[in-house]
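Q: Just to be clear, the model below is a prediction. Sequence and coordinates:
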Amino acid sequence: MISPVTGEQPPLVALRDVSKRFASRMDLASRIAARVGAGPAQQVVRALDSVSLEVKQGEVLGLVGESGCGKSTLGRIVARILEPTSGERFWRGAPYSAFDGRSQRAERLAIQMIFQDPFASLNPRLRIVDVIGEAPVVHGLIGREDREAYVADLMARVGLDASTAKRFPHQFSGGQRSRIGIARALAVQPQFLVCDEAVAALDVSIQAQVLNLFIRLREELSLTYLFISHDLGVVRHLSDRVAIMYLGRVVELATAGEVFARPNHPYTQALLAEIPTIEPRKRAFQPIRGEIPSPLSPPPGCHFHPRCPHSTERCRREQPAFREVAPGHFSACHLNDTK
Amino acid sequence: MSAEPLLQVEGLRTHFFTKAGVVKAVDDVSFSVARGKVMGLVGESGSGKSMTGYSIVGLVDSPGRIVGGRILFDGVDLATLDPVAWRAIRGKRIAMIFQDPMMTLNPVLRVDTQIVEAVLAHAGVSRESALARAREALVRVGIASPDERLRAYPHQFSGGMRQRVAIAIALVNQPDLIIADEPTTALDVTIQGQILFEMQKICAESRTALIWITHDLSVVAGLADTVCVMYAGRVVETGRVSEVLGQPLHPYTRGLIDSVPSRNRRGEPLRQIPGMTPSLLGMGEGCAFRERCAAASAACASSPDVAELARGRFVRCFHPVGEPMAAASP
């Protein structure tokens, strides 16, 4: 899916056929049992199944899916927290492996991650000045003596009172901790932020404040986001393009306007029908059937077919290709062949 | 239609007497729910919405205590009941569903044991008929192959299925009132949709009253008949869902609705409520929202009373935004 270099800028981040499998570690007894065919075979979770994705410079790519669909794994692979089992990752057109040397530290710092839980992701024993200021000092971006001024500047940028820098995380509210997490990510001057459910733990009124912060920072620092969320309303508001994932595969990808106006894949359609809206009207909830299957034993063919109202014999057999159904609008569904 | 509401809460106050001072978790809360109706109890964390639910089912732990008000359930004031009388009501006539089913289900007991226990605690029936009721309850909440699932342990269920089991336990004694404390918050939207669908159907069929506690206005919009918005331990606005969400009168309700992404132009900054929720510890006099409120004036330093601005529209504010919708004329 990588476009050949035609003089235009390569995407900031690109994934090509990235797969990630998690296998349980087997002890000696179960290895022997499996060898003679007695015990259970090794269980392998296919968290990501040959995912290709591009994030362009300056855009916000929303990544949506239910729990267990692999969206967080994808985010972690992009942020280099996990290594893919197979497939390649590119930063500005060059493979990630090109940035392994000591001299390439800046490139490695260019992607930072913001985590979901503002309580678990901050070390409770560190003062905020250390939480935010540690990484830039360690990486030599600033001198130790400049640390406090640097942290104060960052705190002001994310809307925190800089006089609270000597406090510990427990002295802050959930919304403030989110801001601390954002300031920590910004401290190493990244170009790309992976936001994994970054506002999911926050109250509605605080969520709006933090989303506004994301919008403002994007403009001020010309950042690019991979914004992972299960909340379609949030994704719709923030994203330029949206990718929908189901059970380790990207099933649909298009601009936000296109996805919400003309969803192509039956799963996307079901997901959109399920968004509770605030528009006051009593309605009968029309659920889609069943639950997301276990990634330990995904169904063959199209992963969605057991829940899909349109499934046919072919869907049970053959995995649909992810192809362009309209300019810039990709979907993986056999129904598009018959249209 | 029905003259007498099933549940009528009047001036409920639940305070916590901590070392650091008195926390007024629930402070003068009043509302009523009729049979077969769904009330949404909406608020952010710390607004006292869960504690209101716990007060109704008599599950307030020390150092908390109900210090005032009445909870009239079918003519009986629950706040005056002794533990023995409570035991006959809780789980039988009033059931509660909690947010995290893994915390409410016993991990070392099979599902059938847990449901049968709930039946036998209140009905003098044989184990076989209790088991039959348990099976029937699982079918009602949409669990496939109930016979097999009855013999499973909670960890063998997915999150959504566990919550269905918890709902089945709540339903098994056919209660008059169910209090659901954020039961779908931890679930995916498709599973949430399924559970809301089941609950809506069950309550309409059996004329069960339902109090749905949530922070999510959009869930309430589709599910509830009436809504009660709480802020810092107090009810700030009540009314029919269509009216409260269509034309909020309290500045806080208005702010909450305005900050929902779908109510804003895509990509533009969301209208936000400034500041953060106040600490309930040592909350002084006055409207708790005044620090964050654009309409606040000197008058807000004293607590506003609840006023009925239109039929069934109660608001606790000196400066309600906009005019209440004219009462629907025939």
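A: Received it, and whenever you're ready, just let me know what you need.
Q: Any regions of the stretch 101-250 of chain A where pLDDT drops low?
A: Along the stretch 101-250 of chain A, no part satisfies pLDDT under 70.
Q: What about B:Val116, how many residues nearby?
A: Look at B:Val116: counted by other Cβ atoms under 10 Å in any protein chain shown, it has 22 neighbours. Where C-beta positions appear, they are placed from N, C-alpha and C, glycine not excepted.
Q: can you list contacts of the helix or strand containing it?
A: If you go by DSSP states H and E, B:Val116 is part of helix B:111-120. For helix B:111-120, contacts defined as Cβ atoms under 8 Å, 6 or more residues apart in numbering or on different chains pick out B:91, B:105-106, B:125, B:127, B:130-131, B:133-134, B:137-138, B:149-154, B:157, B:165, B:168-169, B:172-173.
Q: Now, the residues you listed that are in helices?
A: B:127, B:130-131, B:133-134, B:137-138, B:149-150, B:165, B:168-169 (DSSP state H).
Q: Tell me the buried residues in the least confident helix or strand in chain B by mean pLDDT?
A: The helix or strand of chain B with the poorest confidence is helix B:101-104; it has a mean of 82 (mean pLDDT, DSSP states H and E). For helix B:101-104, the neighbour count (16 or more other Cβ atoms under 10 Å in any protein chain shown) marks B:101, B:104 as buried.
Q: and the contacts of helix B:111-120, which are buried?
A: Buried among these by 16+ other Cβ under 10 Å: B:91, B:105, B:130-131, B:133-134, B:137-138, B:149-150, B:154, B:157, B:165, B:168-169, B:172-173.
Q: And the helices in the stretch 201-339 of chain A, which stretches?
A: Taking DSSP state H, counting those that start in this stretch as the criterion, the stretch 201-339 of chain A contains helices spanning A:204-221, A:232-238, A:256-261, A:266-274, A:313-317, A:335-338.
Q: residues in the stretch 51-200 of chain B within reach of chain A, list them.
A: Within reach of chain A by Cβ under 8 Å from any Cβ of the partner chain, the stretch 51-200 of chain B has these residues: B:158-161, B:188-194, B:196-197, B:200.
Q: which parts of stretch B:171-189 are buried?
A: B:171-173, B:175-184, B:186-189.
Q: wait, I meant stretch A:263-281
A: Buried, per 16+ other Cβ under 10 Å, within stretch A:263-281: A:263-272, A:274, A:276, A:278, A:280.
Q: ok, and which of these reach chain B?
A: A:270-271, A:274, A:276, A:278, A:280.
Q: Going by proximity to chain B, name the top residue of the stretch 1-150 of chain A.
A: Among the residues of the stretch 1-150 of chain A, A:Glu66 lies nearest to chain B; the distance is 4.0 Å by Cβ to the nearest Cβ.
Q: That residue: how many residues sit nearby?
A: Considering only other Cβ under 10 Å, A:Glu66 is surrounded by 19 other residues.
Q: Over to the residue lying closest to A:Phe90 once chain neighbours are set aside: give its phi and psi.
A: Spatially, and ignoring its direct neighbours in sequence, A:Phe90 is nearest to A:Ala14 (4.2 Å; Cβ to Cβ, 6 or more residues apart in numbering or on different chains). Note on A:Ala14: backbone dihedrals following degrees, to the nearest 10 are phi -140, psi 140.
Q: ditto for B:His15
A: The phi/psi pair for B:His15 (degrees, to the nearest 10) is phi -120, psi 150.
Q: State the distance from it to B:Glu198.
A: Per Cβ to Cβ, to the nearest Å, B:His15 is found 36 Å from B:Glu198.
Q: same check, this time on A:His265
A: Applying Cβ to Cβ to A:His265 and B:Glu198 gives a distance of 26 Å.
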